[in-house]
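Engineer: Have a look at this prediction, sequence included:
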Amino acid sequence: MALPRLAVWLLAGGLLLTLLGRAAQGATDDAAAVHLVRIDNQIINPVTAEYLIAAMDRAEAARAQCLIIELDTPGGLLESTRTIVKRMFSAEVPLVVYVAPSGARAGSAGVFLTLASHVAVMAPTTTIGAAHPVTVEGGGPIKKLIRRFKDEQGKESSPPSSPLSPPKKPLAEKQRPTEVEEVTEVDPMSEKILHDTVAWVSAIAQARGRNVAWARQSVEASVSSTEAEALAAHVVDLVARNIPELLTQLEGRTVQLPHGPVTLHTQDAQIERRDMTQRQRLLLVITNPTVAYLLMMLGFWGLFTEITHPGLGFPGIAGAMCLILALFAFQTLPINYAGVTLILLGLALLIAEVKVVSYGLLTVGGLTCLTLGSLMLIDSPYAFLRVSLYVILPIVIATAGIALFLVGAVVRTHRRQVTTGAEGLVGAVGVAQTDLQPAGHVFLHGESWQAVAPQLVPKGRKVRVVRVEGLTLMVEGM
C-alpha cells in the first residue's frame, strides 16, 4: 500500500511543479513584453481616448515592460486630450510616445501626449508642434466664414511645394501675424481658454522635465520643430528610425512612476500589438466630420422620403439610423448649433418652394441657408475638423434637386384628377341606352348605369355626368 501512495504523492508533486513553472514562465513573459498601440493619422477624440486608456489598463494588468504609443495625428479635441493626459500621469507602466513613421507629425493634441509621456521619441523627418487650442477662434460667424473661404481659395491657388524651389522669405518679426494676436483681440473667453492651456502645457513639461519655454511657444505662437530641433531643445528624449532601434535605445533607461523608479529591459522584449476593436474602428469612421455631415443629410432625406411616400419602410429606417449615428458623432465634434438651425431652415425653404409661388426666391434662400449652415456646422479653425467646401457644394446642389423632385412629385399626385370611385365618374362621358325622360339608363365605363337628366335626352346621345347620388348618375345631354 505504501508504494501506490508514494506514486500518487510523486505524481501530485510533479503536476504542482509543472503548474508553478508555467505560471512563473507566464509571469516572466508578461514582464518582458512590450505593448504597442498605433494612432495612424487619426484625430484625437473620445474614441481614440477610449482606445489609449484601455491600452494602458491592459499594459498595467499584464505588467508589461512599457507601452509604446506610435503617434501620427494632426491634433484633436482639447477635452479628449485632457482625459488621456490625466490617465497618463496616473499610469503604473512606463509610457513611450513614438512619433512615427517618417513623415508623421504630432500636431496640436499630439504635443500634449508627447510631453506627458515618460519617454518621448521621434522618427527622422517628423515634426511636433502647433498646439494652439482648437476651441479658440477669433471673430464672429461672418469673420469665420470669410476666413474659411480664404483658406479654401489659398489651398486651390497655391502651387505645390517642391524641394528644389527656394524657400519663401519670412515676414519681418513685426509684420508676422500670430494666432495669439488674433485671438486676444476678439473674445475674452477665448483668451481665458488660451491662458489655461498655456498653464496646463507648462505644468506637463515641468513635471516630465522638458523644455517649458518651447511648450508655451507651441501653444501661444503655434511653434513647430523637426525631430533634430526637438531633440536639441530637450522637447523629446530620443530619435529612433524604427521599433527595434527604439527598443535598443530604451534598454537600461530608468523612468519615474507613481510607485517609484523603474528600469526598462527592452533589448530582447517580445512586442504585442494592440489594435482597435471593430467597434472602435466603426466609431472612428463615424466621428469623421465629413462622414458625420453626410450621415446627417442622408438621415434627413431618408425620413423625408418616408413621410412623402409612406409605406416604403426602408428609407425611414435607414434615415433614422443615419440621423442617430450623426447625433452621436456630433457629441464628439465642436458643433455650432446655429449651423444646424440654418440647415433645417434651408430644407424647409426648399420644401416650401413647391407649394408657394415665389419665382425661385425660396430656392435661393434655401440654398444660401444650406451653404452657410454647412460651413458653420463644425466650429473649428483647423481644416481636419471641418467639412471641406468641395464636399458641401455638391451636397447642397444635390439636396436642392432631391427636394424639388420629391416634393414636386407629391404635389403633382395630389393635383391629378381622380379616376376611380364616385369622384372619378364626375365629368365622364357616356351614351344614353334609353330615352331619359328624365330617368333611364346610360352606358359608361363598360357598364350600364341608372341615370336622371333634367331635360329629355334621346337614346344614343352622349351625356356627361354632373354628380353621383348613390348608384344613380345625374347627367346632362351634350
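Structural biologist: Nice, I can see it.
Engineer: Following whichever strand or helix holds residue 320 in sequence, what is the next regular element?
Structural biologist: With the criterion set as DSSP states H and E, the secondary-structure element containing residue 320 is helix 314-331. Per DSSP H and E, the first helix or strand lying C-terminal to helix 314-331 is helix 337-355.
Engineer: Quick one: distance of that next one to the chain centre.
Structural biologist: Taking the mean C-alpha point of helix 337-355 and that of its whole chain, the gap between them comes to 22 Å (Cα atoms, centre = their mean, to the nearest Å).
Engineer: One more: stretch 291-298?
Structural biologist: The gap between where stretch 291-298 is centred and where its chain is centred comes out at 9 Å by Cα atoms, centre = their mean.
Engineer: And for stretch 290-310?
Structural biologist: Relative to the mean C-alpha coordinate of its chain, stretch 290-310 is positioned 17 Å out (Cα atoms, centre = their mean).
Engineer: can you check stretch 438-458 too?
Structural biologist: 69 Å.
Engineer: Equivalent analysis for stretch 73-86, please.
Structural biologist: Per Cα atoms, centre = their mean, the displacement of stretch 73-86 from the mean C-alpha position of its chain is 16 Å.
Engineer: Just the buried residues of it, please?
Structural biologist: Neighbour-count burial for stretch 73-86, counted by 16 or more other Cβ atoms under 10 Å, picks out 73, 74, 75, 76, 77, 78, 80, 81, 83, 84, 85. The way it works is simple: take the backbone N, C-alpha and C, and place the C-beta from them, glycine included.
Engineer: Pick out whichever of these sits closest to residue 457.
Structural biologist: Using Cβ to Cβ, residue 77 is the member of the buried residues of stretch 73-86 that sits closest to residue 457, with 82.2 Å.
Engineer: and the closest one, what does it touch?
Structural biologist: Taking Cβ atoms under 8 Å, 6 or more residues apart in numbering as the criterion, residue 77 is in contact with 43, 44, 45, 46, 109, 134, 332, 333, 334.
Engineer: Residue 426 versus that one, what's the distance?
Structural biologist: Distance check for residue 77 against residue 426: by Cβ to Cβ, to the nearest Å, it reads 65 Å.
Engineer: Now do the same contact list for residue 470.
Structural biologist: Listed by Cβ under 8 Å, 6+ apart, the contact set of residue 470 is empty.
Engineer: Backbone torsions only: list them for it.
Structural biologist: Main-chain torsions, residue 470, degrees, to the nearest 10: phi 70, psi -120.
Engineer: Residue 107 now?
Structural biologist: phi -100, psi 150.
Engineer: thinking again about what came up before, with pLDDT added, can I get the buried residues of stretch 73-86 in CSV?
Structural biologist: Conversion of these to CSV gives the following (pLDDT from 0 to 100):
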residue, pLDDT
73, 93
74, 89
75, 86
76, 83
77, 83
78, 85
80, 90
81, 93
83, 95
84, 96
85, 96
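Engineer: mind giving me JSON lines with these and columns for secondary structure and distance to residue 206?
Structural biologist: Formatted as JSON lines, the buried residues of stretch 73-86 follow (DSSP: H, G, I helix; E, B strand; the rest coil; distance: Cβ to Cβ, whole Å):
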{"residue": "73", "secondary structure": "strand", "distance to residue 206": "23"}
{"residue": "74", "secondary structure": "coil", "distance to residue 206": "26"}
{"residue": "75", "secondary structure": "coil", "distance to residue 206": "22"}
{"residue": "76", "secondary structure": "strand", "distance to residue 206": "23"}
{"residue": "77", "secondary structure": "coil", "distance to residue 206": "24"}
{"residue": "78", "secondary structure": "helix", "distance to residue 206": "20"}
{"residue": "80", "secondary structure": "helix", "distance to residue 206": "23"}
{"residue": "81", "secondary structure": "helix", "distance to residue 206": "18"}
{"residue": "83", "secondary structure": "helix", "distance to residue 206": "21"}
{"residue": "84", "secondary structure": "helix", "distance to residue 206": "19"}
{"residue": "85", "secondary structure": "helix", "distance to residue 206": "14"}
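Engineer: Quick check: the two most widely separated of the residues you listed?
Structural biologist: Using Cβ to Cβ, the pair of these lying farthest apart is 74 and 83, separated by 18.5 Å.
Engineer: residue ranges for the strands of the stretch 201-350 of the chain, please.
Structural biologist: According to DSSP state E, counting those that start in this stretch, the stretch 201-350 of the chain carries its strands in the segments 224-226, 238-239, 254-257, 260-263, 271-273.
Engineer: got the buried residues for the fourth one?
Structural biologist: When neighbours are counted by 16+ other Cβ under 10 Å, the buried residues of strand 260-263 are found to be residue 262.
Engineer: and that strand, what does it pack onto?
Structural biologist: Based on contacts counted as 3 or more Cβ pairs under 8 Å, 6 or more residues apart in numbering; DSSP states H and E, the elements that strand 260-263 packs against are strand 254-257.
Engineer: could I get the strand it packs on in CSV with only the CA atoms?
Structural biologist: The C-alpha trace of strand 254-257 is given here as CSV (Å, rounded to 0.1, in the frame of the first residue of the first chain):
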residue,chain,number,x,y,z
THR,A,254,15.1,54.5,-15.8
VAL,A,255,11.7,56.2,-15.6
GLN,A,256,9.9,57.5,-12.6
LEU,A,257,6.4,56.0,-12.0
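Engineer: Name the SS class of residue 72, please.
Structural biologist: When the structure is reduced to helix, strand and coil (DSSP: H, G, I helix; E, B strand; the rest coil), residue 72 reads as strand.
Engineer: Leaving out the residues flanking it, which one is nearest to it?
Structural biologist: By the measure of Cβ to Cβ, 6 or more residues apart in numbering, the closest residue to residue 72 outside its immediate chain neighbours is residue 104, 3.6 Å from it.
Engineer: list the contacts for that neighbour?
Structural biologist: With contacts defined as Cβ under 8 Å, 6+ apart, residue 104 is in contact with 41, 71, 72, 123, 126.
Engineer: now these: which count as buried?
Structural biologist: Here the buried ones among the contacts of residue 104, as counted with 16+ other Cβ under 10 Å, turn out to be 71, 72, 123, 126.
Engineer: quick one: the second one and residue 101 touch, right?
Structural biologist: Yes: at 7.4 Å, residue 72 counts as touching residue 101 under the criterion of Cβ atoms under 8 Å.
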